[in-house]
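Undergrad: sequence plus the predicted model coming up.
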Amino acid sequence: MKLQFKQQAFQTDSVHAVVDCFKGQPKVQAFKYAIDSGRNLQALPGIDSEGFANAELAIPTPKVLCNLQEVQRRQNLPVSIGLKTTSVCALNLDVEMETGTGKTYCYIKTMFELYEQYGWSKFIVVVPSIAIREGVLKSFEIMAEHFLEQYGKRARYFVYNSKQLHNLESFSSDAGINVMIINVQAFAARGEDARRIYEELDDFQSRKPIDVIRKNNPILILDEPQKMEGSTTVQRLKEFDPLMILRYSATHKTEHNKVYRLDAVDAYNQKLVKKIAVRGITVKGLAGTNPYLYLESIKISTTTPPEARAELEIQQVSGIKRTLRMLRKNDNLYDLSDGLEQYRGFVVSDINALDNTVSFINGEVLHAGEAMGDVNEAALRRIQIREAIKAHFEKEQTLFEQGIKVLSLFFIDEVAKYRSYNDAGEQAGEYAQIFEEEYTNQLNQVLTLEDTPYNRYLKGIKAAKTHNGYFSIDKKTKHFVN
């Protein structure tokens with residue numbers, strides 16, 4: 001089977017956005033230099049002692065800035081007043097592309113264009129994990145024929161391995177497009193293997209691999225740079241002495257000079273993704289005692305006035321607990337909370353189904369999806385998990401009769417929040433516990449007394465069995481290999 005790649009206009013635009021920043025740069029096939037053959041040793045057999053490095057930027061900085069501003073105006077992006085320098089490099093360009101729109105394809109194509117236009121040929125793709133590294137390697141493999149047809153040449157690529165340093169010789173001595181793919185752990189970790197890149201190695205003619213790499217004046221391409229902003233990683237990236245850095249991500253944490261943007265809305269408008277749906281949760285602060293209240297939704301009926309489904313704190317025997325309640329006009333939250341002082345004055349004056357708001361006699365107004373008061377991170381995560389489960393059930397009910405299975409994915413900030421291991425075995429994390437609590441609550445809302453196929457389906461799955469996580473820690477600890 002051979003994959004066919006269609007040239008997309010938005011991908012070509014992202015390539016030109018980078019390439020056009022260097023208009024006026026002369027095309028220099030390569031800067032020649034003599035490869036260090038090592039101490040008191042001859043060059044390796046079959047390897048040319050002549051190296052080819054990326055030529056330095058010949059156009060002045062004001063010209064680069066002028067080009068950059070022209071590109072930004074073309075893209076309707078904020079116009080930079082200067083080139084954003086970092087401790088790693090003086091030239092930093094950001095490309096923002098929504099997940100699934102082909103950023104790997106774009107930066108590979110950018111390499112070919114930079115080679116065609118300016119002769120730059122040495123590139124290093126830096127990735128935050130081994131999994132992403134393998135994905136990038138596979139992309140180079142499956143796209144090789146496509147770019148051969150388009151440009152009439154192939155890129156030579158390899159994954160950096162401290163035990164296979166002969167690849168660095170080829171990387172340096174070849175004048176064509178050469179790409180090294182390296183994961184952060186290979187140069188910024190504490191292990192012995194990561195240190196080898198900075199050490200004089202007997203099996204590398206008493207040379208340091210990093211010295212051979214930096215001689216090529218490489219262009220660094222950071223894939224998911226927001227995951228590579230630790231102080232150690234930044235310090236180590238400086239060792240590569242890059243000509244420039246191109247950063248590709250859907251979610252840049254630190255912004256530099258942005259040259260292209262294709263966000264979720266743009267991707268949807270261009271029909272690059274089938275659908276996007278956003279359920280926003282807004283935190284609204286209040287002065288004083290800050291009563292907690294989250295308005296989930298407004299319920300309307302043809303026979304009764306609108307009702308509001310809201311979460312508030314209620315004094316119980318075991319202590320204060322946050323509970324979902326249906327609110328109606330004239331309901332007094334002070335009474336519903338069993339006398340919690342923070343709710344004094346919160347009497348529902350109106351429930352408006354047209355603009356999804358609840359108004360109180362004290363003047364406060366809350367919109368659906370808004371939370372106010374003591375909303376810490378844990379409370380916010382619980383609300384997000386609850387909303388995701390609710391959306392899942394709504395979609396599942398719609399598609400169940402069509403035999404379509406619905407999957408909902410959670411991308412979390414820390415594995416331990418979902419699963420952790422100790423001597424006693426696997427432990428459910430905070431998010432897993434919240435999920436099961438909220439799933440059970442929502443399930444009770446969805447289930448009916450009727451004996452329907454969907455009800456039987458839901459009753460046949462325990463809350464603990466309807467979710468699972470997939471993390472590298474499972475394999476490392478050998479607790480969950482398959």
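TA: Right, received. Where do you want to start?
Undergrad: every contact and neighbour count from this point should use C-alpha atoms.
TA: Fine.
Undergrad: any chance you could map the strands in the stretch 251-400 of the chain?
TA: Here the stretch 251-400 of the chain has its strands, by DSSP state E, counting those that start in this stretch, at 257-262, 282-284, 293-299, 307-316, 319-327, 348-352, 357-360, 365-367, 370-372.
Undergrad: in JSON lines, list those strands along with distance to Y33 and mean neighbour count.
TA: Below are the strands of the stretch 251-400 of the chain laid out as JSON lines (distance: least, C-alpha to C-alpha, whole Å; neighbours: other C-alpha atoms under 10 Å):
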{"stretch": "strand 257-262", "distance to Y33": "31", "mean neighbour count": "25"}
{"stretch": "strand 282-284", "distance to Y33": "58", "mean neighbour count": "15"}
{"stretch": "strand 293-299", "distance to Y33": "66", "mean neighbour count": "22"}
{"stretch": "strand 307-316", "distance to Y33": "69", "mean neighbour count": "19"}
{"stretch": "strand 319-327", "distance to Y33": "69", "mean neighbour count": "15"}
{"stretch": "strand 348-352", "distance to Y33": "74", "mean neighbour count": "20"}
{"stretch": "strand 357-360", "distance to Y33": "70", "mean neighbour count": "20"}
{"stretch": "strand 365-367", "distance to Y33": "66", "mean neighbour count": "17"}
{"stretch": "strand 370-372", "distance to Y33": "62", "mean neighbour count": "20"}
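Undergrad: of those, give the one that comes closest to I389.
TA: Nearest of the strands of the stretch 251-400 of the chain to I389, taken as C-alpha to C-alpha: strand 293-299 at 12.9 Å.
Undergrad: neighbouring strands of that closest one in the sheet, and parallel or not?
TA: strand 307-316 (antiparallel), strand 370-372 (antiparallel) (DSSP bridges).
Undergrad: centre of the chain to that strand, how far?
TA: Mean-position distance between strand 293-299 and its chain equals 30 Å (C-alpha atoms, centre = their mean, to the nearest Å).
Undergrad: avg pLDDT for that strand?
TA: Strand 293-299 shows a mean pLDDT of 88.
Undergrad: with stretch 441-461 instead?
TA: For stretch 441-461, the mean pLDDT works out to 87.
Undergrad: one step back: mean pLDDT for the strands of the stretch 251-400 of the chain: which is lowest?
TA: Among these, strand 282-284 has the lowest mean pLDDT, at a mean of 68.
Undergrad: what segments of the stretch 1-150 of the chain are strands?
TA: Taking DSSP E, counting those that start in this stretch as the criterion, the stretch 1-150 of the chain carries its strands at 31-34, 50-53, 92-97, 122-127.
Undergrad: now tell me what touches the last one from outside.
TA: Contact with strand 122-127 is made by 53-54, 111, 133, 171, 177-184, 216-225, as judged by C-alpha atoms under 8 Å, 6 or more residues apart in numbering.
Undergrad: got any ranges where the protein has weak pLDDT?
TA: By pLDDT under 70, the low-scoring segments of the chain are 1-2, 30, 39-48, 265, 267-282, 284-290, 422-426, 472-482.
Undergrad: hmm, back to that, a markdown table for the strands of the stretch 251-400 of the chain, including distance to C89?
TA: What follows is the strands of the stretch 251-400 of the chain, written out as a markdown table (distance: least, C-alpha to C-alpha, whole Å):
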| stretch | distance to C89 |
| --- | --- |
| strand 257-262 | 13 |
| strand 282-284 | 38 |
| strand 293-299 | 46 |
| strand 307-316 | 50 |
| strand 319-327 | 50 |
| strand 348-352 | 55 |
| strand 357-360 | 50 |
| strand 365-367 | 46 |
| strand 370-372 | 43 |
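Undergrad: so who does the closest residue to Y118 other than its chain neighbours touch?
TA: Distance criterion C-alpha to C-alpha, 6 or more residues apart in numbering; nearest residue to Y118, sequence neighbours excluded, is K27 at 3.9 Å. By C-alpha under 8 Å, 6+ apart, the residues touching K27 are Q117, Y118, G119.
Undergrad: which one (most neighbours) among the residues you listed?
TA: Within those, G119 tops the neighbour count with 24 neighbours, counted by other C-alpha atoms under 10 Å.
Undergrad: which residue, other than its chain neighbours, is closest to it?
TA: Spatial nearest neighbour of G119, chain neighbours left out: Q29 (4.4 Å); criterion: C-alpha to C-alpha, 6+ apart.
Undergrad: do I have it right that the one you found meets W120?
TA: Yes. Counting by C-alpha atoms under 8 Å, Q29 does reach W120; the two are 7.2 Å apart.
Undergrad: who has more neighbours, those two?
TA: The residue with more neighbours, out of Q29 and W120, is W120; 30 against 19, by other C-alpha under 10 Å.
Undergrad: just want the phi and psi numbers for the more buried one.
TA: Dihedral pair for W120: phi -70, psi 130, per degrees, to the nearest 10.
Undergrad: nearest residue to it in space, please, no chain neighbours.
TA: Nearest to W120 is N54, by C-alpha to C-alpha, 6+ apart, at 5.1 Å.
Undergrad: run through the residues that contact that neighbour.
TA: A30, F31, G119, W120, S121, K122, N216, N217, P218, L243.
Undergrad: hang on, T323 packs against Q316?
TA: No. Using C-alpha under 8 Å, T323 makes no contact with Q316, being 10.6 Å away.
Undergrad: host element of K163?
TA: Counting by DSSP states H and E, there is no helix or strand that carries K163.
Undergrad: look up how far R156 lies from it.
TA: Per C-alpha to C-alpha, to the nearest Å, K163 is found 19 Å from R156.
Undergrad: what do you get for V259?
TA: 27 Å.
Undergrad: and if you look at L137?
TA: Taken as C-alpha to C-alpha, the span from L137 to R156 is 11 Å.
Undergrad: spatially nearest residue to S420, not counting backbone neighbours?
TA: Here the residue nearest S420, using C-alpha to C-alpha, 6+ apart, is Q427, at 5.2 Å.
Undergrad: hang on, the earlier thing: ok, the residue nearest to G119 - contacts?
TA: Counting by C-alpha under 8 Å, 6+ apart, Q29 has contacts Y118, G119, W120, A175.
Undergrad: mind listing which of those are in helices?
TA: Y118 (DSSP state H).
Undergrad: among the contacts of Q29, which two are most distant?
TA: Greatest spatial distance in the contacts of Q29: Y118 and A175, 13.1 Å, computed using C-alpha to C-alpha.
Undergrad: start and end of stretch 329-336, how far apart?
TA: First-to-last residue span, stretch 329-336, C-alpha to C-alpha: 13 Å.
Undergrad: who's in contact with that stretch?
TA: With C-alpha under 8 Å, 6+ apart, stretch 329-336 has contacts from 307, 314, 340-351.
Undergrad: right, I'll call it a day here.
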